[in-house]
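J.: need the 3D shape of this:
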Amino acid sequence: MKIDITKDPEKAVALIEHFKIEAPTGQITQIDHMWIGQHTFRTDQPVRRFQIHLPGLKQSISSNNLQFLKPHFIAPYTVRLDGRTRFALANDYPSGDIKKSPENHLWALFENDDAREKARKITEEAFGLYFVIDPTPMQKFSIRLSERPPADSSEEQALDQRARDFHANATHILDFSDGVQAFVGLISAILSLEHKIILIDEPEAFLHPSLARLLASNMGEIAKKREASLIVSTHSAEFLIGCLEKVDDVSVVRLTYKDKIATARELNHADLKEMMRDPLLRSTKTLEGLFHNAVIISESDTDRAFYDEINRRLQPSRGIGQALFINGQNKQTVHRILNPLRKIGVPAVGIVDLDMIKEKGTNWVNLLSAAGIPTEEQVILEKLRSDIANEFETLPLLSGGHEQMKKIGIDALNENKASALELIKRLAEYGIFLVSKGEVECWLSSLGARGHGADWLIDIFAKIGSDETTANYILPGKDDVWKFIDDIGSWTGNPKRKGMILNPTRLKVETSEV
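T.: All right, here's what the predicted structure looks like:
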């Protein structure tokens, strides 16, 4: 919470009094105690009730006694919504004596006009329908979505014929899809009480990406307005973008677990904002790389599609595990995607055709720097690059005016072939992979695929087949492009790989209850 409770005990006590309820039937209120009720969002025990000793609370606040504060102060202001409770949030809930304190989130929303109106605005934006709570079943509250908002409060909350007709024309939430139920259920739960610590496990579950983004945007706004902490576990780039768009102080921690080792890395907020705002990074869905073990960046969509298919055929025992394949617009833009991913700790690989060595100056330096290659190493690589490029310039063109660099690759070299092999080896140590054969169209040349770019891709896909049960389906080999992708997998899977700017922190995993 934003309030420092140790410096303002009276305000802290006022926060707790927000949850004050009458003594349950048959229970005695002890001296200097008050009863607290907390919604649990569970059907078997919807409200957690307990007494709190006010002098003891004030003393614990002043002394910052966490042993007392965790169950008696932090817990009432904390809501945890996980997969097991997700759909129950959209169910009908019992009603009761509305003169008493609410005993579930729909009851609380029924009494809170502002919260219901906020829910209405959110569902109208998401689905073109209006959130309402139907009390007409008499013994329970139901969520319905209406094609129009209620004309006034009584049309939604009364029990007369007008209210009954209004709710009869609205659709019960359980008649909608799982995604609509999950979205509306989460929004209704969060708006029902002024929770200050909101814990949600994978809120994007069952949601279309655009809805995940909208949900995050609204959750961010709600948390910001009430000065609350929204703590989310997510695998959705769209949800992350929605948070970043609305909230300035988002903290993102990337967690990984591999070979029984858990790691954590806090990501720089400014870096994430830049990835979200940059049109190139946004169009290539670079942020999705956060949720993969590795990102493979190629020059074009043709390259991306081909390498992705090769890797799929190598899985699960070979290749690059849990990798995202994306592409820039050309070789000059690979570094612009590579650098921000490396900065946030994602093992990102750049695949470029051999003619990248002609890119002397800024483009070459940008690629090496993005890969985290030290300056002194760059000097050595520049000498190798220059010698190789100079020899290629002396070689005659092939028929059709094709460069030997593009069509034959390093096998066309004489004096500098060893230098080319050394350059390729050193770059690979830092996650930059040059195509030694020249360009992507030179892979699997024995199959005789023709054309360039998209035309070649269509032909090579036809020649490698698509049905594993047929004779013309090409299985992985030990060399050519198969070894190339295996080598990339070796780099991404190596915990001691070069070129990563920061190392994550290893975690000792412990569990605790708030």
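J.: okay, how far is it across stretch 99-118, tip to tip?
T.: By C-alpha to C-alpha, to the nearest Å, the extent of stretch 99-118 from end to end equals 23 Å.
J.: let me fix that, I meant to ask about stretch 154-169.
T.: So stretch 154-169: terminal residues 16 Å apart, C-alpha to C-alpha.
J.: now residue 467: which helix or strand?
T.: Using DSSP states H and E, residue 467 sits within no helix or strand.
J.: same question, the one 3 residues further on
T.: When elements are defined using DSSP H and E, residue 470 is found to belong to no helix and no strand.
J.: equivalent analysis for residue 365, please.
T.: Going by DSSP H and E, residue 365 is part of helix 362-370.
J.: what helices and strands are in contact with the helix or strand following that helix?
T.: Downstream of helix 362-370, the next assigned helix or strand under DSSP H and E is helix 375-394. Packing partners of helix 375-394 (3 or more C-beta pairs under 8 Å, 6 or more residues apart in numbering; DSSP states H and E): helix 362-370, helix 417-429. The way it works is simple: take the backbone N, C-alpha and C, and place the C-beta from them, glycine included.
J.: dump the C-alpha coordinates for helix 375-394 into CSV.
T.: Listed next in CSV are the C-alpha coordinates belonging to helix 375-394 (Å, rounded to 0.1, in the frame of the first residue of the first chain):
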residue,chain,number,x,y,z
THR,A,375,35.3,-3.6,-28.5
GLU,A,376,38.6,-5.4,-28.5
GLU,A,377,37.0,-8.5,-30.1
GLN,A,378,35.2,-6.3,-32.6
VAL,A,379,38.7,-5.0,-33.9
ILE,A,380,39.7,-8.6,-34.6
LEU,A,381,36.4,-9.4,-36.3
GLU,A,382,36.6,-6.3,-38.4
LYS,A,383,40.0,-7.3,-39.8
LEU,A,384,38.6,-10.8,-40.7
ARG,A,385,35.5,-9.2,-42.3
SER,A,386,37.5,-6.8,-44.4
ASP,A,387,39.9,-9.4,-45.7
ILE,A,388,37.0,-11.8,-46.7
ALA,A,389,35.0,-9.0,-48.3
ASN,A,390,38.0,-7.8,-50.3
GLU,A,391,38.6,-11.3,-51.8
PHE,A,392,34.9,-11.7,-52.7
GLU,A,393,35.2,-8.4,-54.6
THR,A,394,37.9,-9.9,-56.8
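J.: helix or strand next in line after that helix, which one?
T.: helix 404-407.
J.: re the thing from before, angle of the helix holding residue 365 against helix 417-429?
T.: 50 degrees (axes from the mean of the first three to the mean of the last three C-alpha atoms, to 10 degrees).
J.: name the residues that touch helix 362-370?
T.: 331-332, 334-336, 338-339, 342, 350, 352, 356-357, 359, 378, 381-382, 385, 430, 432 (C-beta atoms under 8 Å, 6 or more residues apart in numbering).
J.: ok, 6 Å please
T.: For helix 362-370, contacts defined as C-beta atoms under 6 Å, 6 or more residues apart in numbering pick out 332, 335, 338, 339, 378.
J.: and residue 140, how far is that from residue 475?
T.: 60 Å (C-beta to C-beta, to the nearest Å).
J.: so for those two, which sits in the more crowded spot?
T.: residue 140 (17 against 10; other C-beta atoms under 10 Å).
J.: one step back: reformat the helices and strands packed on helix 375-394 as CSV; add mean neighbour count, mean pLDDT and distance to residue 407.
T.: Converted to CSV, these look like this (neighbours: other C-beta atoms under 10 Å; pLDDT from 0 to 100; distance: least, C-beta to C-beta, whole Å):
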stretch, mean neighbour count, mean pLDDT, distance to residue 407
helix 362-370, 19, 95, 22
helix 417-429, 17, 97, 15
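J.: nearest to residue 176, of these?
T.: helix 362-370 (46.2 Å; C-beta to C-beta).
J.: now find how far off-centre the helix holding residue 365 is within its chain.
T.: How far helix 362-370 lies from its chain's middle: 29 Å, per C-alpha atoms, centre = their mean, to the nearest Å.
J.: what angle do it and helix 375-394 make?
T.: 140 degrees.
J.: got the CA coordinates for helix 362-370 in PDB?
T.: This file holds the C-alpha atoms of helix 362-370, laid out as PDB (Å, rounded to 0.1, in the frame of the first residue of the first chain):
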ATOM      1  CA  THR A 362      27.800   1.500 -38.800                       C
ATOM      2  CA  ASN A 363      25.600  -1.500 -39.800                       C
ATOM      3  CA  TRP A 364      28.400  -4.000 -39.000                       C
ATOM      4  CA  VAL A 365      29.300  -2.300 -35.800                       C
ATOM      5  CA  ASN A 366      25.600  -2.100 -34.700                       C
ATOM      6  CA  LEU A 367      25.200  -5.800 -35.100                       C
ATOM      7  CA  LEU A 368      28.300  -6.700 -33.200                       C
ATOM      8  CA  SER A 369      27.500  -4.300 -30.400                       C
ATOM      9  CA  ALA A 370      23.900  -5.500 -30.100                       C
END
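J.: what about this structure, any weak spots by pLDDT?
T.: 1-7, 42-46, 72, 501-514 (pLDDT under 70).
J.: sorry, back to before: okay if I get the helices and strands packed on helix 375-394 as a markdown table plus distance to residue 272?
T.: Shown next, in a markdown table, are the helices and strands packed on helix 375-394 (distance: least, C-beta to C-beta, whole Å):
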| stretch | distance to residue 272 |
| --- | --- |
| helix 362-370 | 17 |
| helix 417-429 | 28 |
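J.: and the ones you listed: which comes nearest residue 455?
T.: Of all those, helix 362-370 comes closest under C-beta to C-beta, at 26.9 Å.
J.: on that earlier part again, can you tell me which of the contacts of helix 362-370 has the most neighbours?
T.: residue 338 (27 neighbours).
J.: so after the one helix or strand it maps to, what's the next helix or strand?
T.: In the assignment (DSSP H and E), residue 338 maps to helix 334-343. Using DSSP H and E, the next helix or strand after helix 334-343 towards the C-terminus is strand 348-352.
J.: restrict that following strand to CA atoms and write it as PDB.
T.: Only the C-alpha atoms of strand 348-352 are listed here, as PDB (Å, rounded to 0.1, in the frame of the first residue of the first chain):
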ATOM      1  CA  ALA A 348      18.200 -13.800 -28.800                       C
ATOM      2  CA  VAL A 349      20.000 -15.000 -32.000                       C
ATOM      3  CA  GLY A 350      20.600 -13.100 -35.200                       C
ATOM      4  CA  ILE A 351      20.700 -15.100 -38.500                       C
ATOM      5  CA  VAL A 352      22.100 -13.100 -41.400                       C
END
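J.: buried residues in it?
T.: For strand 348-352, the neighbour count (16 or more other C-beta atoms under 10 Å) marks 348, 349, 350, 351, 352 as buried.
J.: can you check stretch 189-203 too?
T.: Result for stretch 189-203 [16+ other C-beta under 10 Å]: buried residues 189-193, 195-203.
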